[in-house]
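**Q** I need the structure of the sequence given here:
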Amino acid sequence: MYLVTAAQMQAMDRMTIASFGLPGRVLMENAGRGAVECLCAHWGDPAGRRIGVAAGRGNNGGDGFVMARCLKQRGADVKVFLVADKEKVAGEALANLRLLEALAVPVIGVTDARSLAPHKAWIDGVDIWIDALLGTGLNAEVKGRTAAMIQKINASAKPVLAVDIASGIRADTGQVLGVAVRADVTATFAFAKIGHFTHPGAAFTGTLKVIDIGIPDHIANTVAPDQFLVTAAAAARGLTPRLAHAHKGTTGHLLVVAGSPGKTGAAAMTATAALRAGAGLVTLAVPAGVQAVLATQVLEVMTAALAQTRDGVLDEDALAALMKLAEGKRCLAIGPGLGTAAPTGAVVRRFLAQCPLPVVIDADGLNLLAGQPAILAQRSAPSVLTPHPGEMARLLDTSTAAIQKDRIAAARTLARSANALVVLKGAGTVIAEPGGKAWINPTGNPGMASGGMGDVLTGMVAGLITQGARPLEAAIAGVYLHGAAADRLAGSSGACGYLASEVMAALPATISGLWQFPAGKGPSIPINGSSGHDGKIR
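**A** Purely as a prediction, here's the structure:
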């Protein structure tokens, strides 16, 4: 499903009006009426209820004016609080404001906090607030009377429906620009926006409903947004059919290079997660000193001892053994628990430059590549990088705060420079490919904020590639299933306190839920169309 930027949505609106001939006023009417239906679906018949509409002077306010008119006609007690100078309202918004005045719907101009004083008793009795202040075009910090109105809405603790996007959220990044409305429900138009699914914006969105306002599919496909929401059907594309005569030799052999003294758990979880994801065989290559420990931790995994330094980490002499171990394998996973000692870095960089296998790189494998993206850019086989924001910051020589400010842009930048797929972990995990397309994952929950979760994801993605999935499809499926398995646990065990190993254990049942979308029969990636998405933000 498409996720759009503010500019892409504006382009679709313009093309629908200019080339398709659907007037802007009709689009606004469709939007406002659809949002009213959304309000009624969530809170029931509005008749006799007190509904406050906080409106700005632009098209978002115009949508709010349509809503106010429709709610008045349904018997609601409605007042509009126009947080703008009335003379600056123009276009379709002005036309709908005049209709409100013709119906004698009160429109109160809000110039400052004092202008609300005469209406205090009415405001205190509001049942539902409609936020139609700013919309998707916001790109500067919210200040003045608009910020004060947002604070008043939030302080009321009354249900809030946001029109298109919660005011104060930047549609393209999900960032809060100063202050933002905390919505219980957001009625957005035509397509979900990036900011609905990226944090912190996702936390201000509430339940999201996409309203069809009449944008034709051919216009949406002409604009062709290059960001998408991961769906169950898209994730199913990463599942390889398991034939009746399958055996461990046909389901692929994965090589995992991981672990060091004190960090054997990361290696064990990566290897085991690959098996849980369906890989047939896994060989875990580790420094010789920890082989015995790992052999008892991962009973279904083969282990191989590698040359090590006196400190117990990989030595450069391990390279020849690694190249030999790569023979006959379908995929390589490298990095979890390896450490960042200089000898380890030397062997990892040389091995990646020479290894012909698709590779999933995580944790210390990424840290060892910081400042040297050319190694990945020159590889002939696909690379999948799975950094958390801190690792991403090191790879791009910037700050974690800068990464989090625009996660999609950061993932795209690294994907281009490294010629690799990038999986930027965190709430709303982003998958980006070198050509610029990006996906946002909706599954997962805060209970995943514990050790080992990233190691499990690395093993899952590598395990799916090992079975024959293309790297992009494996990354999308791995991220979706990782979060979905954690959601399954949160639903049965509680919001937090479950372990990464328990997420692994939940994978087979979670994967089975995707078989309703058989590989090869589900929709292709990316998923296009304008049918929208109706679900709760996680």
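**Q** what helix or strand is Gln8 on?
**A** helix 6-18 (DSSP states H and E).
**Q** Tell me the buried residues in that helix?
**A** Residues of helix 6-18 classed as buried: 6, 8-9, 11-13, 15-16 (neighbour count, 16 or more other C-beta atoms under 10 Å). C-beta here means a position set from N, CA and C on the backbone, and glycine is covered the same way.
**Q** Any chance you could give me the helix or strand that it is followed by in CSV, C-alpha atoms only?
**A** Counting by DSSP H and E, the next helix or strand C-terminal to helix 6-18 is helix 24-43. What follows is helix 24-43, C-alpha atoms only, in CSV (Å, rounded to 0.1, in the frame of the first residue of the first chain):
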residue,chain,number,x,y,z
GLY,A,24,-11.6,20.6,-5.8
ARG,A,25,-14.8,21.5,-4.0
VAL,A,26,-16.1,18.0,-4.6
LEU,A,27,-12.8,16.5,-3.2
MET,A,28,-13.3,18.6,-0.1
GLU,A,29,-16.9,17.6,0.2
ASN,A,30,-16.0,13.9,-0.1
ALA,A,31,-13.3,14.3,2.5
GLY,A,32,-15.5,16.1,5.0
ARG,A,33,-18.4,13.7,4.6
GLY,A,34,-16.1,10.7,4.8
ALA,A,35,-14.6,12.0,8.0
VAL,A,36,-18.0,12.5,9.5
GLU,A,37,-18.8,8.9,8.7
CYS,A,38,-15.6,7.9,10.4
LEU,A,39,-16.6,9.9,13.5
CYS,A,40,-20.0,8.3,13.7
ALA,A,41,-18.5,4.8,13.2
HIS,A,42,-16.3,5.4,16.3
TRP,A,43,-18.5,7.4,18.6
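**Q** Counting by contacts, list what the very next helix or strand once past helix 24-43 packs against.
**A** Sequence-wise, the next helix or strand downstream of helix 24-43 (DSSP H and E) is strand 50-55. In terms of contacts (3 or more C-beta pairs under 8 Å, 6 or more residues apart in numbering; DSSP states H and E), strand 50-55 is packed against helix 59-73, strand 77-82, strand 128-132.
**Q** I'd like those as TSV, with mean pLDDT and distance to Leu103 appended.
**A** Shown next, in TSV, are the helices and strands packed on strand 50-55 (pLDDT from 0 to 100; distance: least, C-beta to C-beta, whole Å):
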stretch	mean pLDDT	distance to Leu103
helix 59-73	98	6
strand 77-82	98	10
strand 128-132	98	16
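**Q** so which of these gets nearest Asn221?
**A** Nearest of these to Asn221, taken as C-beta to C-beta: helix 59-73 at 23.4 Å.
**Q** Give the other helices and strands that that closest one contacts.
**A** If you count contacts as 3+ C-beta pairs under 8 Å, 6+ apart, helix 59-73 packs onto helix 24-43, strand 50-55, strand 77-82, helix 91-102, strand 128-132, strand 160-163.
**Q** can you list the ones you listed in CSV and add distance to Pro241 and mean neighbour count?
**A** Formatted as CSV, the helices and strands packed on helix 59-73 follow (distance: least, C-beta to C-beta, whole Å; neighbours: other C-beta atoms under 10 Å):
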stretch, distance to Pro241, mean neighbour count
helix 24-43, 39, 20
strand 50-55, 52, 26
strand 77-82, 56, 23
helix 91-102, 51, 18
strand 128-132, 47, 28
strand 160-163, 43, 30
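**Q** from the chain's centre, how far out does whichever helix in the chain runs longest sit?
**A** Counting by DSSP state H, the longest helix found in the chain is helix 471-493. Its chain's average C-alpha position is 12 Å from that of helix 471-493, according to C-alpha atoms, centre = their mean, to the nearest Å.
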